[in-house]
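Participant: Predicted model follows, preceded by the sequence.
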Amino acid sequence: MAEVNFKQANESYAATFGDNGRLSIPPSKHLVVVTCMDARLNPEEFLGLNLGEAHIIRNAGGLAKESLRSIIVSQRLLGTKDVLVIHHSDCGMLTFSDEQLRSKVINAHPGDTNVSEAVNDLQFGPFPDLDRSVKDDVAFLKNHPLVLQEGNITGWVYEVETGKIREVA
């Protein structure tokens with residue numbers, strides 16, 4: 001495992017922290033970004049966002065259903081309006097099925113019924129079609145009764161090969 005000195009890195013970060021502790025809790029651009037946890041994505045950078053401007057919600061695949069609780073908190077308590085759903089090319093969620101991952105986990109714990117029962121209750125949310133997954137997530141949010149519709153809810157794909165984003169209509 002690559003060693004990172006998090007304490008030293010934090011000391012460098014804190015040394016130039018400045019007035020960031022005075023930023024308001026609600027994001028200044030009233031924006032929520034739902035995107036993938038993939039380490040190759042830096043949404044603040046590729047969207048031109050600064051600290052304090054948006055809530056960035058990340059999970060495997062950037063799935064809206066897994067982000068729902070955070071979106072509701074963000075909108076209802078912290079005043080966000082617009083939601084960007086951003087999936088990306090070369091996503092790991094395109095490479096497996098729920099059953100394949102369940103089998104992998106169960107095979108790593110032979111005979112452990114607790115593991116089998118727990119993993120069989122999970123939906124991992126893989127998807128076979130990138131654009132379709134974005135459209136489905138946008139539709140889910142637009143049709144959910146707890147998601148405010150005061151702002152725009154749009155879907156995007158980030159191309160890891162070029163760093164560009166494209167809107168999915």
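Facilitator: Here it is on my side, so go on. Quick caveat, the model's predicted, so the values are computed rather than measured.

Participant: Show me the strands in this structure, by range?
Facilitator: Taking DSSP state E as the criterion, the chain carries its strands at 31-36, 54-59, 82-88, 153-158, 165-168.

Participant: Which of the ones you listed sits closest to residue 145?
Facilitator: Residue 145 lies closest, by CB to CB, to one member of those: strand 153-158, at 13.8 Å. Where C-beta positions appear, they are placed from N, C-alpha and C, glycine not excepted.

Participant: mind checking pLDDT for the nearest residue to residue 164 once chain neighbours are set aside?
Facilitator: Of all residues not flanking residue 164 in the chain, residue 158 sits nearest, at 7.6 Å (CB to CB, 6 or more residues apart in numbering). pLDDT for residue 158: 98.

Participant: Pull up the gap between residue 158 and residue 134, please.
Facilitator: Plainly put, residue 158 is 10 Å away from residue 134 if you go by CB to CB, to the nearest Å.

Participant: Same check on residue 165?
Facilitator: In terms of CB to CB, residue 165 sits 11 Å off from residue 134.

Participant: Could you check which of these two has the larger neighbour count?
Facilitator: Between residue 165 and residue 134, residue 134 has the larger neighbour count (other CB atoms under 10 Å), namely 24 against 16.

Participant: Go ahead and confirm that one touches residue 155.
Facilitator: Yes: if you go by CB atoms under 8 Å, residue 134 and residue 155 touch, sitting 3.9 Å apart.

Participant: my read: residue 79 touches residue 29, true?
Facilitator: No: shown here, residue 79 and residue 29 do not form a contact pair, counting by CB under 8 Å, at 10.6 Å.

Participant: Just give the nearest non-adjacent residue to residue 47, would you?
Facilitator: In space, and not counting its chain neighbours, residue 47 is closest to residue 33: 6.8 Å by CB to CB, 6+ apart.

Participant: So what pairs up with that neighbour in the strands?
Facilitator: For residue 33, the beta-bridge partners are residue 56, residue 84 (DSSP bridges).

Participant: circling back: ok, the residue nearest to residue 164 - contacts?
Facilitator: Neighbouring residues of residue 158 by CB atoms under 8 Å, 6 or more residues apart in numbering: 35, 41, 43, 46, 86-89, 164-165.

Participant: Sweet, I'm off.
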